[in-house]
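S.K.: Structure here, sequence nowhere to be found:
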């Protein structure tokens, strides 16, 4: 679906989501895939589609309606330059949620500092709401700065690493694509012990949003707050 550098076509992602819904989960009595993490995205273009109505967002909502939890990255375009009277200035930018994070039923995740989210708050780069049509996004935030994870050799080469091609290694990366898997992992853990919520993705979303930890930031920055697995489990 994506190449060794993390790039790919929107149509391939849509086809993959459709394949999950119609083939892997085709039997309504047996849901094989309970959740999907989409650590990918592209800028929403209001001149082409209404917000949340792009083919990617529609396919995400269809998958959620079929019983699958879908977690998406909010995007990394929440910071930029503006021209002010005295000089150009750098500011946080609203209305920067990326697709498929604009999908209504997705759990859209922004980024926080890895170790001290209460002190440092939402990452400067994390895309901020509202959506282009005025909906509340992101939904949650999770650690997304300097997250250590595995990477293939060719990817490491392109990011200043020296590991030979096809040899696995580790790299620190920042972005909402690092934050979204934290939420996906928390939801997977939740569903492993609260199996009665499998195939109820909108209820799962409600639980995690209602039990998130407020960081004292603006709603369009932090969503409902920092994901909190233990509080979500204890709320049931």
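M.R.: Yep, it's here. Given the structure is predicted, the values throughout are model-derived calculations rather than measurements.
S.K.: residue contacts, residue 118?
M.R.: Each residue near residue 118 by CB atoms under 8 Å, 6 or more residues apart in numbering is listed here: 215, 216. C-beta here means a position set from N, CA and C on the backbone, and glycine is covered the same way.
S.K.: Against residue 213, how distant is it?
M.R.: 8 Å (CB to CB, to the nearest Å).
S.K.: Equivalent analysis for residue 112, please.
M.R.: Residue 112 is 10 Å from residue 213, where distance means CB to CB.
S.K.: Past the lowest-mean-pLDDT helix or strand in the chain, which element shows up next along the chain?
M.R.: When each helix and strand of the chain is scored by mean pLDDT, DSSP states H and E, helix 153-158 comes last, with a mean of 56. Using DSSP states H and E, the helix or strand that follows helix 153-158 in sequence is strand 169-173.
S.K.: Now do that following strand: which elements does it pack against?
M.R.: strand 147-151, helix 153-158 (3 or more CB pairs under 8 Å, 6 or more residues apart in numbering; DSSP states H and E).
S.K.: Now whichever helix or strand comes after that strand: buried residues?
M.R.: Using DSSP H and E, the helix or strand that follows strand 169-173 in sequence is helix 176-193. Neighbour counts over helix 176-193 (16 or more other CB atoms under 10 Å) mark 176-188, 190-191 as buried.
S.K.: What residues sit buried inside stretch 30-45?
M.R.: Neighbour-count burial for stretch 30-45 [16+ other CB under 10 Å]: 34, 35, 36, 37, 38, 39, 40, 41, 44.
S.K.: Please read the previous query as pertaining to stretch 106-124.
M.R.: Using 16+ other CB under 10 Å as the test for burial, stretch 106-124 gives 106-114, 117, 121-123.
S.K.: From those, pick the one nearest residue 202.
M.R.: Nearest to residue 202 among those, counting by CB to CB, is residue 107 at 9.9 Å.
S.K.: and that closest one, what is it in contact with?
M.R.: 69, 70, 71, 72, 139, 140, 183, 187, 205, 208.
S.K.: pLDDT score for it?
M.R.: pLDDT for residue 107: 98.
S.K.: Could you find the closest non-adjacent residue to the one residue sitting closest to the centre of the chain?
M.R.: The chain has residue 73 as the residue nearest its centroid, 2.1 Å off, counting by CA atoms, centre = their mean. Spatial nearest neighbour of residue 73, excluding adjacent residues (CB to CB, 6 or more residues apart in numbering): residue 176 at 3.9 Å.
S.K.: about what we covered before: where do the contact lists of residue 112 and residue 213 overlap?
M.R.: Here residue 112 and residue 213 have residue 226 as joint contacts, going by CB under 8 Å, 6+ apart.
S.K.: ok, which stretches of this structure are strands?
M.R.: Using DSSP state E, the strands of the chain run over residues 35-38, 69-73, 79-83, 88-92, 107-112, 140-143, 147-151, 169-173.
S.K.: Pick the most buried one from these.
M.R.: strand 107-112 (a mean of 32; mean count of other CB atoms under 10 Å).
S.K.: what angle sits between that one and strand 69-73?
M.R.: Put simply, strand 107-112 runs at 40 degrees to strand 69-73, going by axes from the mean of the first three to the mean of the last three CA atoms, to 10 degrees.
S.K.: Check which residues of stretch 202-216 are buried.
M.R.: The neighbour-count check on stretch 202-216 (16+ other CB under 10 Å) flags 204, 205, 207, 208, 209, 211, 212, 213, 215 as buried.
S.K.: pLDDT and distance to residue 57 added to those residues, as TSV?
M.R.: Output for the buried residues of stretch 202-216, formatted as TSV (pLDDT from 0 to 100; distance: CB to CB, whole Å):
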residue	pLDDT	distance to residue 57
204	98	19
205	98	15
207	98	23
208	98	20
209	98	19
211	98	26
212	98	23
213	97	28
215	97	27
